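S.K.: prediction below, plus the sequence it came from.
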Amino acid sequence: MKVDFKSLQIGTMESEESYLSIKGRDSLLADAGGRFLSTLNIHLLAENTGNMLVLRVEIATTLALTCGRCLEEFEFPISAKLRVSAAESAEYEDSGEMILIEDGQAEIMPRIEEEIFSLIPLNPLCSEECRGLCPFCGANQNLTSCSCENNDIDPRWQKLKQLNTK
């Protein structure tokens, strides 16, 4: 998604505010096992410093992720603020930190998607108290208690268990 900055000509001290609401790309979250549940709301404040633009971006959305313990889907709200610089390509080289403005427009979505992806935990949990699945019968221990006994003791440790019962 390209944002038009033609009204903020480089060299004039101005600012421009815009609100965007777009559909997030589910393919971005496919590897993390997630999807967008709500639109991606973006509040963008672009300030001209005289030789570049400073973009203050606030993003908010809700994702559906799969819990790493119980494998149930849950809602994961995302809210983040980031600050990005943008300049015309003739003035600055692409260092990865700077968004390039070409023909008065800049592509901001890769930076926003990068921020969203960085906020997804490596092992998402529906709650810290999630009890997960029973390793024997596979029952979700948050919803039901199973009657499986944890008798899976390594025979090498059996003698230690006998010491505890005396």
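M.R.: Cool, the structure landed.
S.K.: list the buried residues for the top helix by length along the chain?
M.R.: The longest helix of the chain (DSSP state H) is helix 109-119. Across helix 109-119, burial judged by 16 or more other Cβ atoms under 10 Å covers M109, R111, I112, E113, E115, I116. Any C-beta I mention is one placed from the backbone N, CA and C, and that applies to glycine too.
S.K.: tell me the confidence at the last one?
M.R.: The confidence metric pLDDT takes the value 91 at I116.
S.K.: spit out the contact partners of it.
M.R.: Contacts for I116 (Cβ atoms under 8 Å, 6 or more residues apart in numbering) come out as G24, L28, L40, I59, T61, L63, I78, A80.
S.K.: show me the strands in this structure, by range?
M.R.: 2-4, 15-22, 35-36, 40-48, 53-66, 73-88, 98-102, 105-107 (DSSP state E).
S.K.: which of those strands sits closest to N142?
M.R.: strand 73-88 (11.0 Å; Cβ to Cβ).
S.K.: helix or strand with the lowest mean pLDDT in the chain?
M.R.: strand 2-4 (a mean of 67; mean pLDDT, DSSP states H and E).
S.K.: and stretch 133-147, how far apart are its ends?
M.R.: Chord length of stretch 133-147, first to last residue, is 13 Å (Cα to Cα, to the nearest Å).
S.K.: return the distance of it from the chain's centre.
M.R.: How far stretch 133-147 lies from its chain's middle: 29 Å, per Cα atoms, centre = their mean, to the nearest Å.
S.K.: mind listing what's buried in that stretch?
M.R.: Buried residues in stretch 133-147, counted by 16+ other Cβ under 10 Å: L133, C134, N140, Q141, N142.
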